[in-house]
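Q: Fold the stuff below for me.
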Amino acid sequence: MTTNNWNQRMNHAQADLADAGLQTAWEIFQAETTQVGQEENIIRDIVSRLVASGRISDKQVNFLRVLLGKIEQRVQRAQQRAQEAASAAPVPTGRIRIQGEVLTVKTQDSRFGPQVKMLIRHADGWKAWGTVPAAIDPQRGDIVALTASIAPSQDDPKFGFYSRPTGAEILRRAADAAPAAPAPAAPQAARGDELHPNLGLTEAQAIEKFWGDLNRWPVEADGHNFTQDQIRKVAVHIAQTGDCLWHAQTVALGWDRANCHCAACTRKGAAA
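A: Residues are numbered from 1 along each chain as shown. Here you go, the predicted model:
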């Protein structure tokens, strides 16, 4: 492959991503840094395939959007942790009553055998690491309290170690603080064959959920060869309305309803 051909493929790939609003994916592909996460690695693989083949599927485009969203959330979490660390108070010293949220519970080997440790974050932001007392069985997210001797780490004044804990108690379980799950929506009344209730899905979620059914259409639906764009339109229509597959393809693609075989359209045609 000549340099000109390769440059053309690179330019076409960049233009395709820009048209899809995925310029950030191209920037990640072009970045020279090796300090990347799993999401960046997958993005680089997808974009490299685009450059090599000159093609990218709608499913890959949607997946790139999901990956970029995860990267943005990861950056936001890192910024939030940095802000919390900057605003945290120094670890106190002495024997005190410690109350806070359990961030981590972990079993470690020691010269005395396996020991269960936990990391507690105080309301003032400082964190303390120590042995879990036998009187409690904490889980991540629980609010616990105990009396212990505590001292800051030599490397971080906002991180400390507690020892000889007594009077431990779990003040609140994480599960008790979690909001109750909303009641499931009532199913819609049947209006035709293969009814799907209104799930209120996003476009990407709709395609993911109905992909299996829709991919059978090119061989099952009267010989029609549906494009990826048509599949997307029909999938979103099903998710938003709960229409059956036949009715969804008729309405979403602007076809003649006289050709729709669903029960609702058949009844309407007979009444006319």
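Q: where along the stretch 51-200 of the chain do the helices fall?
A: With DSSP state H, counting those that start in this stretch as the criterion, the stretch 51-200 of the chain has helices at 58-87, 174-177.
Q: Out of these, which is the most enclosed?
A: Greatest average neighbour count among the helices of the stretch 51-200 of the chain goes to helix 58-87 (a mean of 14), per mean count of other CB atoms under 10 Å. No exception for glycine: its C-beta is placed from N, CA and C like everyone else's.
Q: for the record, mean pLDDT for it?
A: Mean per-residue pLDDT for helix 58-87: 87.
Q: That helix packs against which elements?
A: Judged by 3 or more CB pairs under 8 Å, 6 or more residues apart in numbering; DSSP states H and E, helix 58-87 is in contact with helix 23-30, helix 38-53, helix 203-214, helix 228-241.
Q: returning to that earlier point: do you know which of the helices of the stretch 51-200 of the chain lies nearest Ala18?
A: With respect to Ala18, and counting by CB to CB, the nearest of the helices of the stretch 51-200 of the chain is helix 58-87 at 12.2 Å.
Q: quick one, what contacts the residue lying closest to Phe29 once chain neighbours are set aside?
A: Take Phe29 and drop its neighbours on the chain: the residue closest to it by CB to CB, 6 or more residues apart in numbering is Val47, 4.0 Å away. For Val47, the contacting residues are 13, 17, 25-26, 28-29, by CB atoms under 8 Å, 6 or more residues apart in numbering.
Q: for those, which one is nearest Asn62?
A: Set against Asn62, the nearest of these by CB to CB is Ala25 (12.1 Å).
Q: What is the burial count for that closest one?
A: Other residues lying near Ala25 total 26 when counted by other CB atoms under 10 Å.
Q: need the contact list for it.
A: 17, 43, 46-47, 64, 67-68.
Q: Can you pick out the most distant pair from those?
A: Farthest pair in the contacts of Ala25, by CB to CB: Leu17 and Leu67, 12.7 Å.
Q: on that earlier part again, pipe the contacts of Val47 into a markdown table and attach distance to Gln79 per row.
A: A markdown table is the format used below for the contacts of Val47 (distance: CB to CB, whole Å):
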| residue | distance to Gln79 |
| --- | --- |
| Ala13 | 31 |
| Leu17 | 26 |
| Ala25 | 21 |
| Trp26 | 24 |
| Ile28 | 19 |
| Phe29 | 24 |
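Q: Need those residues in CSV (columns: pLDDT and distance to Lys117).
A: Output for those, formatted as CSV (pLDDT from 0 to 100; distance: CB to CB, whole Å):
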residue, pLDDT, distance to Lys117
Ala13, 92, 49
Leu17, 93, 46
Ala25, 91, 40
Trp26, 93, 44
Ile28, 90, 37
Phe29, 89, 41
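Q: roughly how far apart are Leu22 and Ile28?
A: Distance, Leu22 to Ile28, by CB to CB, to the nearest Å: 10 Å.
Q: quick one on the thing from earlier: just the closest of the contacts of Val47 to Ser163, please.
A: Ile28 (45.6 Å).
Q: Make sure that closest one is actually in contact with Arg44.
A: Yes: taking contacts as CB atoms under 8 Å, Ile28 lies within contact range of Arg44: 6.6 Å.
Q: just for the stretch 1-150 of the chain, where's the confidence low?
A: 1-2, 33-35 (pLDDT under 70).
Q: Quickly list the domain ranges of this protein.
A: Per automatic domain parsing, the structural domains of the chain span 3-87, 94-174, 203-271.
Q: Give me the neighbour count for Asp155.
A: Asp155 sits with 6 neighbouring residues when counted by other CB under 10 Å.
Q: That one and Ala89, how far apart?
A: Asp155 sits 17 Å away from Ala89, going by CB to CB.
Q: what about the longest strand in this protein?
A: Longest strand of the chain, by residue count under DSSP state E: strand 94-110.
Q: buried ones in that strand?
A: 98, 100-102 (16 or more other CB atoms under 10 Å).
Q: Just name the closest of those residues to Asp58, please.
A: The closest of those to Asp58 turns out to be Glu101 (CB to CB; 42.4 Å).
Q: Not counting sequence-adjacent ones, nearest residue to that closest one?
A: Arg121 is the one closest to Glu101 (CB to CB, 6+ apart), at 5.1 Å.
Q: The one you found is in contact with Lys127, isn't it?
A: Yes: the criterion here is CB under 8 Å, and Arg121 meets it with Lys127 at 5.0 Å.
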